[in-house]
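[1] generate coordinates for the sequence data below:
(one chain, ligands or ions: 1)
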Amino acid sequence: MTLMLASVADAREAEIAISIGTDIVDAENPAGGAVSPLPPDVTAAVAAAARGRARLSAAVGEIGSDPGAIAAAADRCSGLAIEIIRVGFASASAPMPLVGAVAGRHPGLAFVAVLFADRMPGGDPLPLLAEAGFRGVMLDVADKTRGRVLELGIPRIAAFVEAAKGRGLMVGLAGNLEPADIPRLLPLEADFLGFRAALCPNADRRAPIDPAAAAEVRRLIPAAAPRRSGPGGEAGIRAAPGPGRRAGIEAVADRIFVRDLILPVRIGVYRRERDAPQRVRFDVSIDLAPRETEAEGLAGIMSYDVIVDTIRTIVAEGHVELAEELAEEIAARLLSDRRAMKITVRVEKLDLGPGGIGVEIERRRAS
Ligand SMILES: O=C[C@H](O)COP(=O)(O)O
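    Okay, the predicted model is just below:
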């Protein structure tokens with residue numbers, strides 16, 4: 001289950017976030033960076049507004065040369081019943097043992113290290129973070145004016161999520177996420193997705209949260225529990241009827257497809273095929289289940305981006321011997337989306353013969 005985290009600037013925005021059903025209300029100063037703290041009195045007001053109605057989180061700054069500042073923020077947050085504190089981590093030379101000692105003093109507070117996709121520290125920081133007592137990690141971007149976490153590419157983000165989960169860490173993803181990114185990230189099963197810019201008019205993260213934009217983000221993330229309702233909540237926001245639901249027109253079938261996607265792939269059983277990748281063309285089409293009446297817009301569709309992301313992710317995982325295995329894996333992963341009913345996958349090696357050589361499989365959801 002992936003939760004929605006909304007970064008808010010004050011108690012009024014906390015109320016809006018709660019009214020649209022946000023799972024985690026995060027106190028953050030949007031005028032600063034990804035982990036810029038709000039003044040203590042504003043954080044306290046956000047906590048007072050959200051306590052008992054949503055989980056609470058707060059940005060407390062970067063691990064720098066002054067772990068005392070993180071320690072003081074952790075003390076304050078503990079007293080406010082905040083569950084998660086987000087701490088920026090940009091360098092492997094950060095004073096981890098000191099931060100670890102602070103985390104050890106607050107067992108009720110989950111320290112989440114925020115890594116910046118546009119300023120990734122060298123090496124693998126996850127062992128260091130897990131050892132220092134961090135309970136979670138999050139990917140975000142340092143440069144909020146330009147950076148997008150999706151620029152890392154889904155295969156790298158997926159690998160990060162898996163590696164963090166493998167170490168028992170909670171994982172969050174953020175960084176100028178847009179509504180259309182959500183269907184691409186949900187299959188990665190991160191613990192939460194974090195938003196600020198997408199909740200604001202014109203994606204201006206310094207502007208006050210727009211309840212309609214926030215509700216649209218919420219609608220795209222399946223809720224863990226029945227939604228709360230209230231002023232500015234879902235009730236006031238209705239999308240226009242989507243395709244297939246127009247009066248006098250009966251929906252027969254929806255099919256999404258990706259054609260002629262050519263990628264370098266490590267594939268084959270011959271020795272020469274193990275030395276270097278070869279070009280493989282992918283064609284995939286998926287027959288979708290009829291749309292649920294209440295799920296309109298992006299929430300009602302299966303994005304064809306997910307097809308491309310799935311293929312890229314599988315290909316990035318390493319050498320595969322047979323085109324049949326590759327096609328089967330693509331079919332299995334895509335059929336795990338409950339909207340996909342039937343799939344055709346064609347995998348065609350382009351560099352072996354005078355023409356294309358490959359396999360086409362058709363699979364259907366069993367139940
Ligand atoms: O998750 C927390 C961040 O505040 C996300 O901010 P952003 O959507 O503007 O990148």
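[2] which strand residues bridge residue 261?
    On DSSP bridges, the residues paired with residue 261 through beta bridges are residue 282.
[3] that should have said residue 59, apologies.
    Taking DSSP bridges as the rule, residue 59 bridges to residue 86.
[4] ok, it touching residue 30?
    No. Using C-beta atoms under 8 Å, residue 59 is not in contact with residue 30, being 9.9 Å away. Every C-beta, even on glycine, is put in place using the N, C-alpha and C of the backbone.
[5] the two: which is more packed in?
    Remark: of residue 59 and residue 30, residue 59 carries more neighbours, 28 against 24, as counted by other C-beta atoms under 10 Å.
[6] pretty sure residue 363 is in a strand, no?
    Yes. When classified by DSSP: H, G, I helix; E, B strand; the rest coil, residue 363 is found to be part of a strand.
[7] is it true that it touches residue 335?
    Yes. Under the criterion of C-beta under 8 Å, residue 363 is in contact with residue 335, at a separation of 6.3 Å.
[8] common neighbours of these two, please.
    Jointly contacting residue 363 and residue 335 under the rule C-beta atoms under 8 Å, 6 or more residues apart in numbering are residue 343.
[9] ok, back up a step: overlap of the contact sets of residue 59 and residue 30?
    Overlap between the contact sets of residue 59 and residue 30, as judged by C-beta under 8 Å, 6+ apart, is given by 7, 36.
[10] what residue in the stretch 101-250 of the chain comes nearest to the ligand?
    Closest contact between the stretch 101-250 of the chain and the ligand, by C-beta to the nearest ligand atom, is at residue 194 (2.2 Å).
[11] my read: that residue touches residue 5, true?
    Yes. Assessed by C-beta under 8 Å, residue 194 is found in contact with residue 5 at 4.1 Å.
[12] please enumerate the shared neighbours of these two.
    Counting by C-beta under 8 Å, 6+ apart, the contacts common to residue 194 and residue 5 are 26, 172, 174.
[13] check which helix or strand covers the closest residue to the last one other than its chain neighbours.
    Yep, that's residue 174 we're talking about. For residue 174, the nearest residue in space outside its immediate sequence neighbours is residue 194; the separation is 3.2 Å by C-beta to C-beta, 6 or more residues apart in numbering. Using DSSP states H and E, residue 194 falls within strand 192-195.
[14] give me the number of residues near residue 122?
    7.
[15] confirm that it sits in a strand.
    No. With three-state DSSP as the criterion, residue 122 is assigned coil and is not in a strand.
[16] what's the distance between it and residue 75?
    32 Å (C-beta to C-beta, to the nearest Å).
[17] likewise for residue 326?
    In this structure, residue 326 and residue 75 are separated by 53 Å, where distance is defined by C-beta to C-beta.
[18] what sits against residue 150?
    Residues in contact with residue 150, defined by C-beta under 8 Å, 6+ apart, are 157, 175, 177, 181, 184.
[19] do a quick rundown of the strands in the stretch 151-300 of the chain.
    For the stretch 151-300 of the chain, the strands defined by DSSP state E, counting those that start in this stretch occupy 170-173, 192-195, 254-265, 278-288.
[20] the longest one to strand 278-288, inter-axis angle?
    Relative orientation of strand 254-265 versus strand 278-288 (axes from the mean of the first three to the mean of the last three C-alpha atoms, to 10 degrees): 170 degrees.
[21] CA atoms only: put strand 254-265 into CSV for me.
    Presented in CSV, the C-alpha positions along strand 254-265 are these (Å, rounded to 0.1, in the frame of the first residue of the first chain):
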residue,chain,number,x,y,z
ASP,A,254,-10.2,-0.5,-24.7
ARG,A,255,-6.8,-1.5,-25.9
ILE,A,256,-3.5,0.2,-25.1
PHE,A,257,-0.3,-0.5,-27.0
VAL,A,258,3.3,0.2,-27.5
ARG,A,259,4.8,-0.3,-30.9
ASP,A,260,8.3,-0.5,-32.3
LEU,A,261,10.0,0.2,-29.0
ILE,A,262,13.7,-0.7,-29.8
LEU,A,263,16.1,-1.1,-26.9
PRO,A,264,19.6,-2.6,-26.5
VAL,A,265,19.1,-5.9,-24.6
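[22] fine by me, we can end here.
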